[in-house]
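1. my questions concern the predicted model and sequence given below.
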Amino acid sequence: MELYRRWVEAESVRENLEKETLSLKRKIQRTLDAEKKLSQLSQDLQAQKEKRDALKTGEADLKARIEEMKGHHKAKIEELKLENADLEAKVEDLQATKTWLLSEGAKLLAKNIHKGSEITAAVSAVNNAMRAVGIYSGLQNGYIHALKKKTPYAEVPLLNRNAEDELNTAFACFDSHTFQVIEDLSKLVNEPLSKIKDALFFASGESSVE
């Protein structure tokens with residue numbers, strides 16, 4: 001009996017040890033599974049961190065490129081502003097030049113031509129030729145009158161007692177003469193070149209169509 005009792009006790013101890021061993025194995029297995037999960041989670045977290053760091057780096061690079069592009073565009077805008085201001089100044093200068101040429105320049109040019117030695121010489125040549133013709137005609141008519149002695153002096157052909165006064169009046173008119181086409185040019189300061197050319201060609205009786 002005693003032997004049987006000891007066997008039973010030993011069997012009970014063995015069963016308990018087996019149960020504890022099995023329980024311990026299960027705990028160890030759960031621990032291993034937990035460690036694996038923890039390791040995988042750690043790897044996942046590391047991968048997420050690397051992705052986040054990469055995104056931050058990419059974002060920083062993108063911001064740097066955006067700032068660089070902003071700086072470039074700002075410099076380009078400033079350059080275009082300067083070019084635009086320069087062009088506006090040139091346009092204003094051209095408009096002022098056009099206005100002066102059509103209003104003052106044309107008049108001054110006509111005045112210089114009017115008072116120039118070239119036109120004076122040309123007019124003098126015409127006057128001298130006309131004077132010669134007048135003298136010849138006067139002598140001829142005077143000689144005929146002297147031969148006939150019939151025509152009263154006051155009725156001699158071409159006799160004009162106001163000739164000198166009329167000549168002086170003609171000189172004054174010539175000195176103060178203006179040209180309507182030049183006066184009209186000052187009204188065309190805001191017109192395109194085609195209209196200005198049309199006005200000049202019309203005044204000369206020619207056509208601006210080539």
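-> Right, received. Where do you want to start?

2. any regions of the chain where pLDDT drops low?
-> 1-5, 7-8, 116, 145-146, 149-161, 177, 202-210 (pLDDT under 70).

3. recalculate using a threshold of 90.
-> Low-confidence segments of the chain (pLDDT under 90): 1-77, 90-210.

4. can you give me the helices for it?
-> 2-100, 106-115, 117-148, 163-175, 180-185, 193-204 (DSSP state H).

5. for the fourth one, C-alpha coordinates in CSV please.
-> Output of helix 163-175 as CSV, limited to C-alpha atoms (Å, rounded to 0.1, in the frame of the first residue of the first chain):
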residue,chain,number,x,y,z
ALA,A,163,4.7,149.9,-108.7
GLU,A,164,7.3,150.7,-106.0
ASP,A,165,4.6,150.5,-103.2
GLU,A,166,3.3,147.3,-104.6
LEU,A,167,6.8,145.9,-104.7
ASN,A,168,7.4,146.8,-101.0
THR,A,169,4.0,145.2,-100.1
ALA,A,170,5.0,142.1,-102.0
PHE,A,171,8.4,142.0,-100.1
ALA,A,172,6.5,142.3,-96.7
CYS,A,173,4.1,139.6,-97.7
PHE,A,174,6.9,137.3,-98.7
ASP,A,175,8.7,137.9,-95.4
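
6. by contact count, what packs against that helix?
-> Using 3 or more CB pairs under 8 Å, 6 or more residues apart in numbering; DSSP states H and E, no helix or strand is in contact with helix 163-175. Glycine gets a C-beta too; all of them are placed from N, C-alpha and C.

7. now do it against helix 117-148, angle only.
-> Interaxial angle, helix 163-175 versus helix 117-148 (axes from the mean of the first three to the mean of the last three CA atoms, to 10 degrees): 160 degrees.

8. which parts of helix 163-175 are buried?
-> Counting neighbours by 16 or more other CB atoms under 10 Å, one finds that helix 163-175 has no buried residues.

9. next, the angle from it to helix 106-115.
-> 150 degrees.

10. again with the last one
-> Orientation check (the same axes, to 10 degrees): helix 193-204 against helix 106-115 gives 30 degrees.

11. on that earlier part again, comparing the helices of the chain, which comes out most buried?
-> Scoring the helices of the chain by mean neighbour count under mean count of other CB atoms under 10 Å gives helix 180-185 as the most buried, with a mean of 15.

12. what distance separates that helix from the middle of the whole chain?
-> Offset of helix 180-185 from its chain centre (CA atoms, centre = their mean, to the nearest Å): 31 Å.
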